[in-house]
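Novice: Give me a model of this one.
(2 chains)
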Amino acid sequence: MSEIIKTDALIVGAGPVGLFAVFELGLLDIKAHVLDILPMAGGQCAELYPEKPIYDIPGFPVVTGQGLVDNLIKQIEPFSPTFHFNEMVTALEPVGTPEAPLFRVTTDSDLVFEAKIVIIAAGGGSFQPKKPPLAGIEQYEGTSVFYAVRKMETFRGRRVLIVGGGDSALDWALNLQPVAERVILMHRRDDFRAAPHSVNAMRELVAEKKMDFVLGQVSALKGEIGMLSAAVIRGADNANFDLPCNAMLPFFGLTMKLGPIADWGLNLNENLIPVDTEKFETNVPGIFAIGDINTYPGKLKLILSGFHEGALAAQKAHRYVYPDKKLLFQYTTSSSSLQKKLGVN
Amino acid sequence: MVKIIFIDSAGQSREVQGEEGSTVMETALKSSVPGIEAECGGACACATCHVYVDDAWVEKLPKAQSMEEDMLDFAFDVRPNSRLSCQIRVRAEIDGLIVHTPERQG
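Specialist: Sure, this is the predicted structure:
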């Protein structure tokens, strides 16, 4: 086991609501670590609509998804949160008592945290690769079908079918070409979203007959359990044909899945976490849920609701983290102690 | 109001009324038409509101823009009449539009 990272608060999810929770906790002297499965902060704002305008953030007549994220990161800078990206929380176990909660949190790359409180700000869940809806695909996953390349060696000497037209598909087609017996890139059209220089590099390899490009879509898989032997392709002319391959990498973007949150012993209601509306605490004392992931009577899935929820959750969090301190309600406009924390005075 | 007909993969047809200026995706969600997920809420960022436009209607709709074409790469079983319903505006001209929902969204 790696060394345990101890923290006051652990925030699961670095979307706008998770980021703002850092601010609200910070004002109350609660230090936070923030985890996200994505490689960057911002959650849906950064992954789904970085360029799209948002019109209902108070004080911003219009702001883009990325613009909001950039501002939030600047706003929470005084509290220097520690970010851990590309991390999915796999286990969350209570190791304290209801009065003095403590949680051990483990991630998929074996980071271990010990946190006094946990704030789940996981939005629609974790972003995970989309799986093609092909019959029996599960029996090949992890042996012949992969949604990411962990080790290039896995593909040495294999006939690798890479499906997609974005940067992941093109980058891996190019990177695996020298390793694999053969790389076959397949896409539904002859236009690519990937960077033009990778598309050009791919076309050169195809012209040199060092790689294949096939127009089409996978409609079925063939093989023995665990070992793919061919993909049935519906080609540009709508006719089906078998394409022999023993490894496949489908790149169809990301989708949101609740993921391991379902196993943390929290009450769930249709994949949402019920909370009270005073503290936004779950059925487990010390675990809070804020933003799109929670539910309560009248819930609105708005970023601004998540900000409010974070502020109230922080109040209760203070009682767990500093059981002996009395919390004095203060305004950032007038409180010199808050301004000191913000580094403005 | 504008009439839109959704036919699911089993062949069941649902006729609903859409508001001019809204989108076919929003109309489906408002009327609880199954088969449209719209995970991203209409940002043209997820391809889970994929529909097949009835052949009679394909030519009557404005062509998909490149952003929509790009996003269709994330859908499965994409056909020449595939569209993302969040990108089809409800207008008087499309009264009676027929779209087919796929068996599964991505």
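
Novice: what about the residue most central in space within chain B, distance to chain A?
Specialist: In chain B, the residue lying closest to the centroid (C-alpha atoms, centre = their mean) is B:S85, at 2.8 Å. Using C-beta to the nearest C-beta, to the nearest Å, B:S85 is found at 17 Å from chain A. Where you see a C-beta, it was placed from the backbone N, CA and C, and this is true even at glycine.

Novice: backbone phi and psi for that residue, please?
Specialist: As for B:S85, its main-chain torsions (degrees, to the nearest 10) stand at phi -70, psi -10.

Novice: Tell me how many other residues surround the nearest residue to B:E69 once chain neighbours are set aside.
Specialist: Counting by C-beta to C-beta, 6 or more residues apart in numbering or on different chains, A:D191 is the residue found nearest to B:E69 once chain neighbours are left out, at 7.1 Å. For A:D191, the neighbour count with other C-beta atoms under 10 Å in any protein chain shown is 12.

Novice: Show me what the helix or strand of chain B with the lowest mean pLDDT is packed up against.
Specialist: In chain B, no helix or strand scores lower on mean pLDDT, DSSP states H and E than helix B:66-72, which sits at a mean of 93. Judged by 3 or more C-beta pairs under 8 Å, 6 or more residues apart in numbering or on different chains; DSSP states H and E, helix B:66-72 is in contact with strand B:82-84.

Novice: so what's B:V51 up against?
Specialist: Counting by C-beta atoms under 8 Å, 6 or more residues apart in numbering or on different chains, B:V51 makes contact with B:F6, B:V24, B:I36, B:S82, B:R83, B:L84, B:S85, B:V99, B:H100, B:T101, B:P102.

Novice: With pLDDT added, can I get those residues in a markdown table?
Specialist: Putting the contacts of B:V51 into a markdown table (pLDDT from 0 to 100) gives the following:
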| residue | pLDDT |
| --- | --- |
| B:F6 | 97 |
| B:V24 | 97 |
| B:I36 | 94 |
| B:S82 | 97 |
| B:R83 | 97 |
| B:L84 | 96 |
| B:S85 | 97 |
| B:V99 | 97 |
| B:H100 | 97 |
| B:T101 | 97 |
| B:P102 | 95 |
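
Novice: how about CSV for these, with distance to A:G136 added?
Specialist: Output for the contacts of B:V51, formatted as CSV (distance: C-beta to C-beta, whole Å):
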residue, distance to A:G136
B:F6, 29
B:V24, 33
B:I36, 26
B:S82, 24
B:R83, 29
B:L84, 28
B:S85, 29
B:V99, 29
B:H100, 25
B:T101, 24
B:P102, 19
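
Novice: What residues does the stretch 151-300 of chain A have near chain B?
Specialist: With C-beta under 8 Å from any C-beta of the partner chain as the criterion, the stretch 151-300 of chain A comes near chain B at residues A:164-166, A:187-189, A:191, A:193, A:217, A:219, A:252-253, A:255-256.

Novice: which residue is nearest the centroid of chain A?
Specialist: A:I37 (3.4 Å).

Novice: So that residue belongs to a strand, correct?
Specialist: No: the assignment for A:I37, made by DSSP: H, G, I helix; E, B strand; the rest coil, is coil rather than a strand.

Novice: which residue ranges form the helices in chain B?
Specialist: B:24-30, B:66-72 (DSSP state H).

Novice: which of those is buried the deepest?
Specialist: helix B:24-30 (a mean of 22; mean count of other C-beta atoms under 10 Å in any protein chain shown).

Novice: then that helix to PDB, C-alphas only?
Specialist: This file holds the C-alpha atoms of helix B:24-30, laid out as PDB (Å, rounded to 0.1, in the frame of the first residue of the first chain):
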ATOM      1  CA  VAL B  24     -36.700  17.900 -31.600                       C
ATOM      2  CA  MET B  25     -34.600  16.500 -28.700                       C
ATOM      3  CA  GLU B  26     -36.300  18.900 -26.200                       C
ATOM      4  CA  THR B  27     -39.700  18.000 -27.600                       C
ATOM      5  CA  ALA B  28     -38.900  14.300 -27.000                       C
ATOM      6  CA  LEU B  29     -37.800  14.900 -23.400                       C
ATOM      7  CA  LYS B  30     -40.800  17.100 -22.600                       C
END
